[in-house]
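Enquirer: okay, sequence plus prediction incoming.
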Amino acid sequence: MSDFPRWKYALVAIVLVVGIIYALPNVFMPVPAVQVTANRNGVVDQALEQKVIAALKQQNVAYSNIEIAKDHVLASFANGDVQKSASDAIKAALGDDYTVAFNLKSTVPSWLTSIGARSMPLGLDLQGGVHFLMEVDQNDVIDKQETRYADDIRSMLREKNIRYDSVARNSVRGQGVSIILRSAEDRTAAGNAIAQEYPDLATQDGASTGDRYVLNALLRPNKIRELSLNAVRQNLGTLRNRINALGVSEPIIQQQGDSRIIVELAGVQDTAEAKKLIGAVATLEYRGGYGQPQQAIEAARTGNIPPDARLYKGRQGEPYLLSKKVIVTGDELADAASGVDQQSGRPKVDVTLSAAGAKKMLDYTSANVGKPMGVVYVERVFETKLVDGKEVRTPKITEEVISYATVQGVFGKNFQTTGLASTKEASELALLLKGGSLAAPIDIVEERVIGPSLGQDNISKGLNAVLIGLGLVLLAAAIYYKLFGLVADVALFFNLVLLVAVMSAVGVTLTMPGIAGIVLTLGMAIDANVLICERVREELRNGSSPHASIRAGYDKAWATILDANVTHLIAALALTTMGSGPIKGFGVTLLIGILTSMFTSVTVTHAITAAIHHGRKLKTLSV
């Protein structure tokens, strides 16, 4: 008899049913859509939905459905051409208060999504979209750090009463900070103080003339490398925050080398809009108030601004005079969280400063209780224009006073910022501040656009490759191994189902290399059944009974199957862990495919074979 426990039948049945359910969402193809999200001054409500409908009707653009989903409006369309026309019409109608972006609307039934079943996101080569290769300006990181150290050293020398003439960055980038002291004793004291306070700086004596004693403080090489890597990592996090505004499904944002970042946005075709949002920066500046409110009004009217002040405007265009000297900026924030002020009921952002920022704020508030302080919201975006047939990106900076209040008491590390228009704006600002502004400027050194029609062509070719490969393997197995070949064919089909189900559940992005991995997996999966069938044939030739041959075929082939798949798993793990981009996608698909094929080729075929031959007196086997 061919023994197969009942619990294994139950296990096989449960796994196959669950696999079918979680692979099912991939049958429901998403439809082209346009997503409308609000910027700082916009509101997502029924009125916005009606504006979108009116804009589409005015341009005679047919839409399938329009709905408000979470914090955006999503309109779906029949095809990509209509989607592009709709995007242009909506952008023209809504202006700069809203972001209009391409997206895909899922058509998966709600009963599937309620249990966490979802379709595989499609990669750039299948869905179309934009690819950016960006380089981080690491020289800017060094410039900022040396400038910060120059300010800190200047403050430290004053606190320790060390006499100096000047503290300034050297004219040559990367040559550190040059400190001019008044005596050899002052230079020695400054060197000791810097070594104690700033261990990341190496000091060396410079040439001295008369009463000018030069001390140079340079960033250590390991600190420069750490700053560069941190700048790339911070920019990665910041870019993820920026790209959330695009509404792109499963964007790819990853580091390449020590200074480059790859961004792939599937489904996005408007490179200008993508670059505008990717390069956007928002932060806060805390500045001291200057003079009386009437003085600001007079300065705005006459244009006569004091030399140590700057003129800003508030949300309603009201003028404010603030000091040119910044107390702290968003770069010195350690954490930020949005909420609602319990006393006023107004939106707020709770701010936690870094140690250096906290000291600056404490020093300012200690000396300026009862005086005003302004909070300036600074936003920078890049505008892309065509000049002589070439794209030219120019930064556009807007500065707006969101809070102007009297310092009521002394505070330092923790405080709150109010004056925000809505809880949504407070939440977005907290996210931007927490993620930080771009640690260093990024330049786009390469960009590619893959059209949706090319993506559809890739999908068609990939699907044909899978179907042809699967069909040929099924046919060969059925002809050569007869009934056992048909059983292997059924298992191979379920292997494809389970592979798709696991990839969907895990959230693997399907790309062309992933499709190649699926085809290779289907071809390799039949190897285990070949081993089993040949072992069964060998047992029959040796005179074993049919049932004994089946049992021996599975038992004796298992060790060989396991050894072969372990070596395949090692290769797939290497591709997954050490590879990136297409190589990693291929490795992930191969890894999952090997695991599912081991289950279907052995356990599922054994269950089917046992069910067919159980309780029957057999003289021979169709193998």
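Expert: Good, I have the coordinates.
Enquirer: the residue most central in space within the chain: which element?
Expert: Centroid-nearest residue in the chain, with C-alpha atoms, centre = their mean: Arg240, separated by 3.7 Å. Using DSSP states H and E, Arg240 sits within helix 221-244.
Enquirer: touching, the residue nearest to the centre of the chain and Ile253? I think so.
Expert: Yes. Under the criterion of C-beta atoms under 8 Å, Arg240 makes contact with Ile253 at 5.6 Å. In short, each C-beta sits where N, CA and C put it, glycine included.
Enquirer: how near is Gly46 to Ser87?
Expert: One thing to correct before we go on: residue 46 is Gln, not Gly. Look at Gln46 and Ser87: by C-beta to C-beta, to the nearest Å, they are 21 Å apart.
Enquirer: these two: who's more crowded?
Expert: Ser87 (24 against 9; other C-beta atoms under 10 Å).
Enquirer: quick one: the more buried one from Gly303, how far?
Expert: 42 Å.
Enquirer: now swap in Leu181 and tell me
Expert: Taking C-beta to C-beta, one finds Leu181 at 43 Å from Gly303.
Enquirer: which of those two has more residues huddled nearby?
Expert: More neighbours surround Leu181 than the other of Leu181 and Gly303, with 25 against 8 (other C-beta under 10 Å).
Enquirer: next, the more buried one: phi, psi?
Expert: With angles defined as degrees, to the nearest 10, Leu181 sits at phi -110, psi 170.
Enquirer: wait, what's in contact with it?
Expert: Leu181 sits next to Ile162, Arg163, Tyr164, Asp165, Arg187, Ala190, Arg212, Tyr213, Val214, Leu215 when contact means C-beta atoms under 8 Å, 6 or more residues apart in numbering.
Enquirer: so what's the residue count around the third one?
Expert: For Tyr164, the count of nearby residues is 18 (other C-beta under 10 Å).
Enquirer: so it touches Leu157, yeah?
Expert: Yes. Using C-beta under 8 Å, Tyr164 is in contact with Leu157, at 5.2 Å.
Enquirer: common neighbours of these two, please.
Expert: Counting by C-beta under 8 Å, 6+ apart, the common neighbours of Tyr164 and Leu157 are Ile179, Ala190.
Enquirer: and the helices in the stretch 501-623 of the chain, which stretches?
Expert: If DSSP state H, counting those that start in this stretch is used as the criterion, the helices of the stretch 501-623 of the chain fall at 512-541, 546-578, 582-598, 605-613.
Enquirer: ok and the longest one relative to helix 605-613, angle-wise?
Expert: Same thing as helix 546-578. Inter-element angle recorded for helix 546-578 and helix 605-613: 160 degrees (by axes from the mean of the first three to the mean of the last three C-alpha atoms, to 10 degrees).
Enquirer: on that earlier part again, what's the closest of the helices of the stretch 501-623 of the chain to Val487?
Expert: When those are compared by C-beta to C-beta, helix 605-613 sits nearest Val487, at 4.9 Å.
Enquirer: now do the closest one: distance to the chain's middle.
Expert: 47 Å (C-alpha atoms, centre = their mean, to the nearest Å).
Enquirer: helices and strands around that helix, which ones?
Expert: Counting contacts by 3 or more C-beta pairs under 8 Å, 6 or more residues apart in numbering; DSSP states H and E, helix 605-613 packs against helix 6-23, helix 452-506, helix 546-578.
Enquirer: Throw these into TSV and include distance to Val31, thanks.
Expert: Converted to TSV, those look like this (distance: least, C-beta to C-beta, whole Å):
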stretch	distance to Val31
helix 6-23	20
helix 452-506	12
helix 546-578	32
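Enquirer: take these and lay them out in a markdown table including mean pLDDT, mean neighbour count and distance to Met512.
Expert: Shown next, in a markdown table, are those (pLDDT from 0 to 100; neighbours: other C-beta atoms under 10 Å; distance: least, C-beta to C-beta, whole Å):
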| stretch | mean pLDDT | mean neighbour count | distance to Met512 |
| --- | --- | --- | --- |
| helix 6-23 | 91 | 15 | 20 |
| helix 452-506 | 83 | 18 | 6 |
| helix 546-578 | 84 | 17 | 15 |
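Enquirer: what's the closest of those to Leu122?
Expert: Across the helices and strands packed on helix 605-613, closest to Leu122 is helix 452-506 (C-beta to C-beta), at 7.4 Å.
Enquirer: okay, the angle between that closest one and helix 6-23?
Expert: Going by the same axes, to 10 degrees, helix 452-506 makes 150 degrees with helix 6-23.
Enquirer: now do helix 452-506: distance to the chain's middle.
Expert: How far helix 452-506 lies from its chain's middle: 32 Å, per C-alpha atoms, centre = their mean.
Enquirer: what do you get for stretch 531-542?
Expert: Using C-alpha atoms, centre = their mean, the offset of stretch 531-542 from its chain centre is 52 Å.
Enquirer: now do stretch 355-372
Expert: Distance, stretch centre to chain centre, for stretch 355-372: 36 Å (C-alpha atoms, centre = their mean).
Enquirer: can you show me the strands along the stretch 101-250 of the chain?
Expert: Ranges of strands in the stretch 101-250 of the chain, per DSSP state E, counting those that start in this stretch, are 129-136, 164-169, 177-181, 201-205, 213-219.
Enquirer: quick one, which of those strands is nearest to Pro32?
Expert: Here strand 129-136 is closest among the strands of the stretch 101-250 of the chain (C-beta to C-beta), at 12.7 Å.
Enquirer: and that closest one, what other elements does it pack with?
Expert: Secondary elements touching strand 129-136 (3+ C-beta pairs under 8 Å, 6+ apart): helix 221-244, strand 260-266, helix 271-278, strand 442-450.
Enquirer: what's the angle between it and helix 452-506?
Expert: Interaxial angle, strand 129-136 versus helix 452-506 (the same axes, to 10 degrees): 80 degrees.
Enquirer: strand 129-136 to strand 260-266, inter-axis angle?
Expert: Comparing the axes of strand 129-136 and strand 260-266 via the same axes, to 10 degrees yields an angle of 160 degrees.
Enquirer: run me through the strand neighbours of strand 129-136, direction for each.
Expert: strand 260-266 (antiparallel), strand 442-450 (antiparallel) (DSSP bridges).
Enquirer: burial-wise, tell me which of those comes out on top.
Expert: Greatest average neighbour count among those goes to strand 260-266 (a mean of 22), per mean count of other C-beta atoms under 10 Å.
Enquirer: model confidence over that one, on average?
Expert: Mean pLDDT, computed over strand 260-266, is 82.
Enquirer: CA atoms of that strand as CSV?
Expert: Output of strand 260-266 as CSV, limited to C-alpha atoms (Å, rounded to 0.1, in the frame of the first residue of the first chain):
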residue,chain,number,x,y,z
ARG,A,260,24.3,57.9,-5.9
ILE,A,261,20.6,57.2,-5.5
ILE,A,262,18.3,55.4,-7.9
VAL,A,263,14.6,56.4,-8.0
GLU,A,264,12.2,54.5,-10.2
LEU,A,265,8.5,55.6,-10.2
ALA,A,266,6.3,53.1,-12.0
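Enquirer: good, we can wrap up now.
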